[in-house]
Structures are given as C-alpha cells and as structure tokens.
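[1] Give me the fold of what follows.
(one chain, ligands or ions: 1)
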Amino acid sequence: MCKVISIANQKGGVAKTTTAVNLGIGLARKGNKVLLVDTDPQGSLTASLGYVEPDEIPVTLANILTAVINEEEIDMAAGILHHEENIDIMPGNIELSALEVTMGNVMSRELILKDYIDMMRERYDYILIDCMPSLGMMTINALVASDSVLIPVQAAYLPVKGLQQLIKTIMMVKKRLNRKLKIQGILLTMVDYRTNYAKDISSKVHETYGSRIVVFQNTIPMSVKAAETSAEGISIYAHCPRSKVAEAYRNLTEEVLENEK
Ligand SMILES: Nc1ncnc2c1ncn2[C@@H]1O[C@H](COP(=O)(O)OP(=O)(O)OP(=O)(O)O)[C@@H](O)[C@H]1O
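    Numbers count the residues shown, from 1 in each chain. Sure, this is the predicted structure:
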C-alpha cells in the first residue's frame, strides 16, 4: 500500500527539500518505488535533482493540476521525470504561483492535488510531497492528499516557535478535511552539535511536543556536504556516502520504515 508523506514547514530554509530528496532516495535504495512531488513554485526540489531550469520544463505539476481543475483526462506518465538514482519526480516551477491563485476560486479547492496523488498511488510505494514555505492553499492541498506529515525544524529558536502555527493547521486539516492524517514526526535539521544551544533547542522540542508527537531520534547534522548535493543534482549517498549527514539520512530512512510498522 502506498504511503503519502508531506514534508512541510511554513518556515523557509529548514531543509524540507534536502530531506525530501534524501529520504526519497533513501527509501528507493531500500527497494521502494518512490515519486517525489515538487509543489514549491521555487522548483528547488526539481533543480536540486539536476533539472537546473525548472521554468523551462514543458510539463509540470501546474499543468497536471490545471487538467484536474478542468476535469480533463490525465495520462499517468505525463510530466514524470526519472532520476538516475531510481526515483521519479513530478517537477514544479513558477507556474504553481498563478495556479495557487486560481485554485482559490474553484469548487473543492482543497482536493485538487489529492485527485492526482490518489491516481498515482497504485504505481508507487511512497509518494513524498515537498511543500512550499507557506500555509497557503497548496500546502493545505498537500496535507489533504497525504497520510502523514514530516516536519523538518531547524535547530534554532524562531523556527521552533513557528511550529505551533503549523501544528494548529495540521490539526484543522485533520478535523475538517482528512481524518486519517498523522504527524509522522518532527525532524531536527542543521544541528550544530558543537553548541550547547543546539542541545537546548533539542530538549525544548522534546519537552514541548514529545508527549504528543514523535520527535525523530535521528537528527541531521549541519554540514556543507548537504548543501553541495543540490548543486550536483544527486543525493548525499552518491555525493559523499561516508559523511555524517549521509549516515543521518540513512538512519532517518530506517526510522521512518520502522515507525511505519
Ligand atoms: N544539513 C545541512 N547542513 C547545512 N546546510 C544544509 C543542510 N540541509 C540543507 N542545507 C542547505 O540549507 C538551505 C535550505 O535547505 P532546503 O532548500 O532543503 O530548505 P527548504 O526548507 O526546502 O527551503 P524552502 O523553504 O526555501 O523551500 C539550502 O541551501 C541547503 O543546501
């Protein structure tokens, strides 16, 4: 049975895309069929997998969702790109910005992405949705289309504070639009283990949310190697397999698989 996981946080730059790519490829390396969906108009996921000019890709998620809105028939292979590390990508680009405005005016506007994702479930073991840094209509669509949501949080004070708003939104979606939605867990990213500050943040997250929400045991260390991968269009496993950050994403993949059981 396919599992659909949104990677969401309205705060920008917390490693949503880096986590979507490396968890996605991590799951593929474990023998799963994986689709990564880029719902961010910045197209960072698309670009970080080697499609450096997302705005020049002829068919993207914006075209597919427009077809859903217009009730046109959708070819399941349309727009899908195949990456050398054995994952499929539904690319996103700037056209998603205009689409998000259009979405606001159509009937059942929260269910548009779900229509597409539900159709794709039969082809994949995992579909990961990389969300944009906002709690707008596209992120609501991602939450409605998902079975669970993974929340990357940068180990710093402000992003931790922003979590309350995100959790409120997730609970609202769960109550009104998607009763099955679960929080997969909070993932601490870009952790600088040399500082006490990072340790304080980690205990604060456990203290505030740990009784209600899974906080992943594995955390992702701050490392320039993680940042380099997006320029190369490959995962951390291909770029620097022995690095601490590759090990951290491998362990996270195991933890996600374990939690699914
Ligand atoms: N573990 C890490 N250590 C150091 N830098 C990292 C790490 N993970 C990601 N980065 C870098 O931090 C920046 C933000 O990461 P990323 O794009 O994954 O975040 P995001 O939450 O998807 O951003 P946005 O909200 O803009 O979509 C990127 O330049 C990325 O290469």
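
[2] what's the first-to-last distance across stretch 227-246?
    12 Å (C-alpha to C-alpha, to the nearest Å).

[3] Show me what counts as buried in it.
    For stretch 227-246, the buried set under the neighbour-count rule, 16 or more other C-beta atoms under 10 Å, comprises 229-230, 233-237, 239-240, 243-246. Where you see a C-beta, it was placed from the backbone N, CA and C, and this is true even at glycine.

[4] Can you lay out those as TSV showing distance to Leu187?
    Below are those laid out as TSV (distance: C-beta to C-beta, whole Å):
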residue	distance to Leu187
Thr229	17
Ser230	18
Gly233	23
Ile234	21
Ser235	17
Ile236	15
Tyr237	17
His239	20
Cys240	20
Ser243	18
Lys244	15
Val245	13
Ala246	16
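
[5] and the ligand, which of those residues contact it?
    Restricting the buried residues of stretch 227-246 to those near the ligand by C-beta under 6 Å from any ligand atom leaves 230, 245.

[6] near the ligand, anything from the helix-or-strand element of the chain with minimal mean pLDDT?
    Lowest on mean pLDDT, DSSP states H and E among the helices and strands of the chain sits helix 196-209, with a mean of 84. No. Applying C-beta under 6 Å from any ligand atom, one finds helix 196-209 separated from the ligand by no less than 12.0 Å.

[7] Please point out which parts of that helix sit buried.
    198, 201-202, 205, 208-209.

[8] can you check stretch 248-255 too?
    Under 16+ other C-beta under 10 Å, the buried positions of stretch 248-255 are 248-253, 255.

[9] And the least confident helix or strand of the chain, how far out from the chain middle?
    23 Å (C-alpha atoms, centre = their mean, to the nearest Å).

[10] I'd like to know which elements that helix is packed against.
    For helix 196-209, the packing partners by 3 or more C-beta pairs under 8 Å, 6 or more residues apart in numbering; DSSP states H and E come out as helix 157-176, strand 182-189.
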